[in-house]
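> have a look at this prediction, sequence included:
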Amino acid sequence: MTDNLLQIIRPDDFHLHVRDGKAMRSVILDTARQFGRAIIMPNLVPPVTSVQQAARYRHSILDALPDGTDFTPLMTLYLTDRTDPDEIVAAHESGFIHAVKLYPAGATTHSDAGVTDIKHIYPVLETLSKVGMPLLIHGEVTDPAVDVFDRERVFIETILSPLINQFPDLKIVMEHITTKEAVQFVVTAPENIAATLTVHHLLMNRNAIFTGGIRPHHYCLPVLKREEHRQALLEAAISGNPKFFLGTDSAPHPQHAKESACGCAGIYTAHTAMELYAEVFDQAHALDRLEGFTSLFGARFYGLPQNPGTLRLKRERWTIPESLPLGTERVIPFRAGDTCQWKVIP
Ligand code: NCD
Ligand code: ZN
Ligand code: ZN
């Protein structure tokens with residue numbers, strides 16, 4: 001490694017939306033070019049709630065990859081009020097399902113079928129705890145009386161804290177954390193509690209939603225927060241604490257669904273993910289901490305081996321495309337038209 005060239009163990013993305021059908025075929029290679037594996041989020045319509053559906057979804061992803069592509073989709077199940085604990089046992093035994101996802105009903109994109117009350121899934125959590133499979137959480141309360149910017153903090157206070165007391169051995173990943181309170185919570189929690197960090201929450205604060213007008217392409221959930229929170233996330237990312245690892249939450253939506261009177265939440269970062277994480281760590285003078293965050297800590301938490309290959313990045317200015325294909329439509333990638341300081345090279 002020099003100042004201008006980075007070689008790291010092939011990274012993993014521990015939080016990724018690839019959608020399905022033609023859209024999936026458009027985006028999957030963006031991830032496979034950089035990452036060895038990715039945790040595939042199950043919020044399709046209809047959601048991926050059974051081992052059988054996850055097997056079908058996994059095959060469709062593998063089918064979309066050119067022969068010889070070195071990429072493994074790590075599948076997940078979507079929890080509902082009616083998930084049967086036996087399905088968790090079957091998921092664990094499947095060998096290809098690596099976690100289950102808790103969406104509080106109504107919290108985010110395609111979460112209508114999610115859990116309406118955490119108590120409904122206590123038997124499922126018991127089983128997860130027993131088999132040692134991680135619970136991935138979209139940690140926001142959905143009470144409309146709670147301010148949108150406080151929903152993560154209130155979730156931690158009212159749902160997550162009691163939950164970890166109730167299920168002390170349950171492995172939990174707080175997904176896409178956005179607040180200093182979440183960082184603090186994870187730092188002080190036991191070893192079995194970790195968190196993923198997106199690159200957009202490391203790069204932007206909430207002003208980015210309103211710079212010169214409303215910016216629908218900067219709208220995601222949990223919504224961007226104040227600068228003090230971004231600072232806390234950045235410190236966590238570069239701290240070398242293995243409880244914090246990479247999860248892009250790359251979430252493509254067609255251009256028209258974002259640029260709308262009621263625009264969807266989700267930012268498409270997969271196209272330029274590793275380049276932008278490198279930029280974040282570089283700006284923080286912490287490039288020596290990048291590999292742990294991108295390639296070691298997440299795999300260790302999930303009980304997976306390190307990827308065999310490497311990824312190389314070069315310091316080089318290039319321009320991120322203005323738009324990219326998404327099935328029959330277009331997606332506007334994060335930082336479209338902007339320059340990037342790092343480039344993945346063969
Ligand atoms: C995600 C999506 O579009 O699926 N959107 C987002 O803003 N993050 C859902 C999610 O991860 O909450
Ligand atoms: Zn989410
Ligand atoms: Zn997500």
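Good, I have the coordinates. Numbers count the residues shown, from 1 in each chain. Ligands and ions are numbered 1, 2, ... in the order given.
> can you give the contact residues for the helix or strand harbouring residue 195?
Element membership of residue 195, judged by DSSP states H and E, is strand 193-197. Contact with strand 193-197 is made by 14-15, 164, 171-177, 182-183, 185-186, 233, 236-237, 242-247, 249, 293, 297-298, 301, as judged by CB atoms under 8 Å, 6 or more residues apart in numbering. No exception for glycine: its C-beta is placed from N, CA and C like everyone else's.
> buried set for the longest helix along the chain?
Longest helix of the chain, by residue count under DSSP state H: helix 51-64. For helix 51-64, burial by neighbour count (16 or more other CB atoms under 10 Å) applies to 51, 53, 54, 57, 58, 60, 61, 64.
> from these, which are also near ligand 2?
When CB under 5 Å from the ion is applied, no member of the buried residues of helix 51-64 is adjacent to ligand 2.
> would you turn those into CSV with pLDDT and distance to ligand 1?
Formatted as CSV, the buried residues of helix 51-64 follow (pLDDT from 0 to 100; distance: CB to the nearest ligand atom, whole Å):
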residue, pLDDT, distance to ligand 1
51, 98, 21
53, 98, 17
54, 98, 17
57, 98, 14
58, 98, 18
60, 98, 17
61, 98, 16
64, 98, 18
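> and the two most separated of these?
Across these, no pair lies farther apart than 51 and 64, at 20.6 Å, counting by CB to CB.
> restrict the contacts of strand 193-197 to those near ligand 1?
residue 249 (CB under 6 Å from any ligand atom).
> in strands, which of the contacts of strand 193-197 appear?
In this view, the contacts of strand 193-197 that belong to strands under DSSP state E are 14, 15, 172, 173, 174, 244, 245, 246.
> of these, closest to ligand 2?
Each of these was scored against ligand 2 by CB to the ion, and residue 15 proved nearest at 7.8 Å.
> skip the chain neighbours and tell me the closest residue to the closest one.
Nearest non-adjacent residue to residue 15, counting by CB to CB, 6 or more residues apart in numbering: residue 247, 3.0 Å away.
> identify the residues contacting the one you found.
The contact partners of residue 247, taken as CB under 8 Å, 6+ apart, are 13, 14, 15, 16, 39, 173, 175, 176, 196, 197, 198, 298.
> local confidence estimate at it?
pLDDT recorded at residue 247 is 99.
> so how far is ligand 2 from it?
Shown here: residue 247 relative to ligand 2, a distance of 10 Å by CB to the ion, to the nearest Å.
> again, but for residue 186
16 Å.
> what's the answer for residue 276, then?
Taking CB to the ion, one finds residue 276 at 19 Å from ligand 2.
> so that residue sits against residue 341, correct?
No - Residue 276 is beyond contact range of residue 341, at 9.0 Å (criterion: CB atoms under 8 Å).
> among the contacts of residue 247, who's most crowded?
Neighbour counts for the contacts of residue 247 (other CB atoms under 10 Å) peak at residue 14, which has 31 neighbours.
> return the residues in contact with that residue.
38, 39, 173, 196, 245, 246, 247, 298, 302.
> now with 6 Å, please.
39, 196, 245, 247, 298 (CB atoms under 6 Å, 6 or more residues apart in numbering).
> what residues does the stretch 201-346 of the chain put near ligand 1?
220, 221, 249, 251, 265, 266.
> tell me the secondary structure at the second one.
This means residue 221. coil (DSSP: H, G, I helix; E, B strand; the rest coil).
> the helix or strand following the longest helix of the chain near ligand 1 anywhere?
Per DSSP H and E, the first helix or strand lying C-terminal to helix 51-64 is strand 72-78. No - using CB under 6 Å from any ligand atom, strand 72-78 never reaches ligand 1; the gap is at least 11.3 Å.
> angle of strand 72-78 against helix 51-64?
Angle, strand 72-78 to helix 51-64, by axes from the mean of the first three to the mean of the last three CA atoms, to 10 degrees: 150 degrees.
> sketch out the low-pLDDT regions of the stretch 1-150 of the chain for me.
Along the stretch 1-150 of the chain, the parts satisfying pLDDT under 70 run over 1.
> which residues of it lie near ligand 1?
Counting by CB under 6 Å from any ligand atom, the stretch 1-150 of the chain sits next to ligand 1 at 17, 43, 108, 109, 110, 138.
> and ligand 2, which of the residues you listed reach it?
Of the residues in these, proximity to ligand 2 by CB under 5 Å from the ion holds for 108, 138.
> export the residues of the stretch 1-150 of the chain next to ligand 1 to CSV and tack on secondary structure and neighbour count?
Output for these, formatted as CSV (DSSP: H, G, I helix; E, B strand; the rest coil; neighbours: other CB atoms under 10 Å):
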residue, secondary structure, neighbour count
17, coil, 24
43, coil, 21
108, coil, 20
109, coil, 19
110, coil, 19
138, coil, 24
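> now do the strands in the chain.
Going by DSSP E, the chain shows strands at 5-9, 12-16, 37-40, 72-78, 97-102, 135-137, 172-174, 193-197, 244-246, 310-319, 324-326, 329-331, 339-345.
> before we move on, back to that, and which of the contacts of residue 247 is nearest residue 114?
Closest to residue 114, out of all of the contacts of residue 247 and judged by CB to CB, is residue 175, at 13.2 Å.
> correct me if wrong: the closest one contacts residue 136.
Yes - judged on CB atoms under 6 Å, residue 175 makes contact with residue 136 at a distance of 5.5 Å.
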